[in-house]
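Novice: Just a sequence and a predicted model for now, questions to come.
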Amino acid sequence: TLNREEWLGVLVQIVLTRHVASEDAMAVGPAFDRFFEELRIRIPGDILHDSNAFRTAYCYPEAVDFVLKSYEKQLRVIYEVFAYGDGAIGDELRSTKLMDISEYNLLIDSLEMIDQWLTARDVEQAFAFCRMLVIDETSVKGRARLLQLRFEDFLEVVVRIAFMKVLPTDAELEASGCQHAGDFLAKLSERPEAEKKFHEERLRPLDEPPSQPMAHQVRHFVNWMIYRVRGGVDSDRDLTSKEAENFRKGIVRMTRQEASVDDSEVVNVPQQTEDDDIELVRVGGPDLAKHEAETVSGE
């Protein structure tokens, strides 16, 4: 593998070989200009993605912050259970408190998130865009921060995947009689043709905003994720560490066979005890509409 400095060294060698030490015999400065002009034409537009511009537009608005704070406890449970690590004490590259790419991919695979509409490249690119840049990538501390996600980085991943995933609107949930996106998409998967049409009608380039406010998109995605972690079981209680741990181990899993959901395949979550540290929440998530009415005028 290459770190950032080594990757830049590769690019320099390519430019020198292609334009300077060739028949072109160009000066170094113009050679670099020409190389990157040609590169921009050939590479996909999302490669030139501006992470900070995305954060400003979609992660930092007050309504999105409200949704993330409303689900913070449950999102933290998912993060901590999957960021389990297996390194020895002091092994910062396999931290038990940070999420690396293998732990991230385990979460993605467990959720069965990848399909014909959301690819492995999409979700792994989201991981890459959420990593923190560091000054020295060669130090252990620098590599640990570069290759692993903190909880705040994980929240950004949630927003980024919510941005990409095709999700129902509030109006569609109300019309279908479903309380949340998890129930809606599970029922939709029982009708493959309708599911295909639902996704194809809503697919859009990644540089275009979603069809509904981002805060609603994030809320629906988090509800879908929690529903799947519970194995397709609804509850008005916060997600517990025990539930998430059972999900990570494969004890509780919501599976699909031939694009259908079979109730017999859903394993019920073990009953929670009154000793569990839980907090009752309103079914369907935070009252985002009320919050927006109080804080945002014409989002």
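Specialist: Done, it's in.
Novice: Next, the buried residues of stretch 142-158.
Specialist: Within stretch 142-158, the residues scored as buried using 16 or more other Cβ atoms under 10 Å are 142-150, 153-158. C-beta: built from backbone N, CA, C; applies to glycine.
Novice: measure residue 5 to residue 128 for me?
Specialist: Residue 5 sits 17 Å away from residue 128, taking Cβ to Cβ, to the nearest Å as the criterion.
Novice: I meant residue 241, not that one.
Specialist: Taking Cβ to Cβ as the criterion, residue 241 is separated from residue 128 by 28 Å.
Novice: which of these two has more neighbours?
Specialist: Remark: of residue 241 and residue 128, residue 241 carries more neighbours, 14 against 10, as counted by other Cβ atoms under 10 Å.
Novice: Report the contact partners of that one.
Specialist: Neighbouring residues of residue 241 by Cβ atoms under 8 Å, 6 or more residues apart in numbering: 77, 80-81.
Novice: most neighbours, which of the residues you listed?
Specialist: The most neighbours of any of those, using other Cβ under 10 Å, belong to residue 81, which has 22 neighbours.
Novice: I am assuming that one contacts residue 244, so please confirm or correct that.
Specialist: Yes: taking Cβ atoms under 8 Å as the definition, residue 81 is a contact partner of residue 244 at 4.0 Å.
Novice: Quick check: strands, which of the buried residues of stretch 142-158 are part of them?
Specialist: When these are checked against strands using DSSP state E, the ones located there are 148-149.
Novice: Among the buried residues of stretch 142-158, which one sits closest to residue 51?
Specialist: Proximity of these to residue 51 (Cβ to Cβ) peaks at residue 156, which lies at 8.7 Å.
Novice: Who's the closest spatial neighbour of that closest one, skipping the chain neighbours?
Specialist: Once its chain neighbours are removed from consideration, residue 156 has its nearest residue in residue 130; the separation is 4.5 Å (Cβ to Cβ, 6 or more residues apart in numbering).
Novice: Please name the residues that touch the one you found.
Specialist: Residues near residue 130 by Cβ under 8 Å, 6+ apart: 51, 149, 153-154, 156-157, 160.
Novice: Buried residues, stretch 73-84. List them.
Specialist: 74-75, 77-83.
Novice: for stretch 32-52, same thing?
Specialist: In stretch 32-52, counting by 16+ other Cβ under 10 Å, buried: 32, 35.
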